[in-house]
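> What follows is a predicted structure for the sequence shown.
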Amino acid sequence: MKRKKDYQATEFCHRFLSDYIEEGSCCIDATCGNGNDTEFLCRMAGEAGKVYAFDIQARAVERTAERLENAGYRERAVLYCKGHEHMAEYVKEKADVIMFNFGYLPGGDHSVATRSETSLRAVSKAMGLLKEGGVISLCIYSGGDTGYEERDALLAYLRELDPKRWLVIACSYYNRKNDPPQPVFVIRV
């Protein structure tokens, strides 16, 4: 069977994460946006799984709800119109997988974007919610008004994590121009 070749950062993250999600997994989409990652997590975690999704923009939560409804997965997810830095206030169980897409909502207002101060707090909260052997994916989009600052702050933070407890894999689209997204994986060892 010939496999479709899709080299988008989000698809790359989905492929990596699929090894960490099974029927019944608990997953978190920390930045649900238009619902693509939330739908992926719901499909992979199955009927017995649980997916929590967060976004600061009401329109993003509405789009995600519509997408899940159309896919038949709406009952598998709990959606919150809250910033990702608040996830630990709502999720009371350990997660197998936590996904982040930093930047702004595709097709949305570019002035509303993730910021380094709240993103760093969110990643720290995510690390506290992650099961041993679980993984956090961070799709870091730089550029824009605060994207470089956020990218640099996140990478500096991750570089200092204790290697006895965390494995950090930072990938890059090495020969692509114009600040392509950077997929990063943080595995709790």
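Nice, I can see it. Keep in mind the model is a prediction, meaning the values are calculated, not measured.

> need the helices for this structure, in chain order.
Assigned by DSSP state H, the chain shows helices spanning 9-17, 36-45, 58-71, 87-90, 116-129, 147-159.

> Give me whichever of these is most buried.
Of all these, helix 36-45 carries the top mean neighbour count, a mean of 24, counting by mean count of other C-beta atoms under 10 Å. C-beta here means a position set from N, CA and C on the backbone, and glycine is covered the same way.

> got the angle for that one vs helix 9-17?
20 degrees (axes from the mean of the first three to the mean of the last three C-alpha atoms, to 10 degrees).

> what's the distance between helix 36-45 and the middle of its chain?
11 Å (C-alpha atoms, centre = their mean, to the nearest Å).

> Give the rounded mean pLDDT of it.
Summarised as a single mean, pLDDT over helix 36-45 is 98.

> Next one: residue 161 relative to residue 49, how far apart?
Applying C-beta to C-beta, to the nearest Å, the value for residue 161 to residue 49 is 27 Å.

> the more surrounded of these two?
The neighbour comparison of residue 161 against residue 49 (other C-beta atoms under 10 Å) goes to residue 49, with 21 against 14.

> For the more buried one, which non-adjacent residue is closest in space?
residue 25 (5.0 Å; C-beta to C-beta, 6 or more residues apart in numbering).

> can I assume that neighbour is in contact with residue 43?
No: shown here, residue 25 and residue 43 do not form a contact pair, counting by C-beta atoms under 8 Å, at 11.2 Å.

> The closest residue to residue 126 other than its chain neighbours - how many residues pack around it?
Nearest non-adjacent residue to residue 126, counting by C-beta to C-beta, 6+ apart: residue 98, 4.5 Å away. Neighbour count for residue 98, taken as other C-beta under 10 Å: 29.

> residues touching residue 98, list them.
By C-beta atoms under 8 Å, 6 or more residues apart in numbering, residue 98 lies in contact with 27-28, 30, 126, 129-130, 134-137.

> picking up where we left off before, I'd like the helices of the chain as TSV, with distance to residue 81 appended.
Listed next are the helices of the chain as TSV, based on distance: least, C-beta to C-beta, whole Å:
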stretch	distance to residue 81
helix 9-17	22
helix 36-45	13
helix 58-71	5
helix 87-90	11
helix 116-129	15
helix 147-159	21
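
> can you tell which of those is closest to residue 79?
For the helices of the chain, proximity to residue 79 was assessed by C-beta to C-beta; helix 58-71 is nearest, at 5.1 Å.

> Other residues contacting that closest one?
Helix 58-71 has contacts (C-beta under 8 Å, 6+ apart) with 32-36, 38-39, 42-43, 53, 55, 74, 76-77, 79-81, 105, 108.
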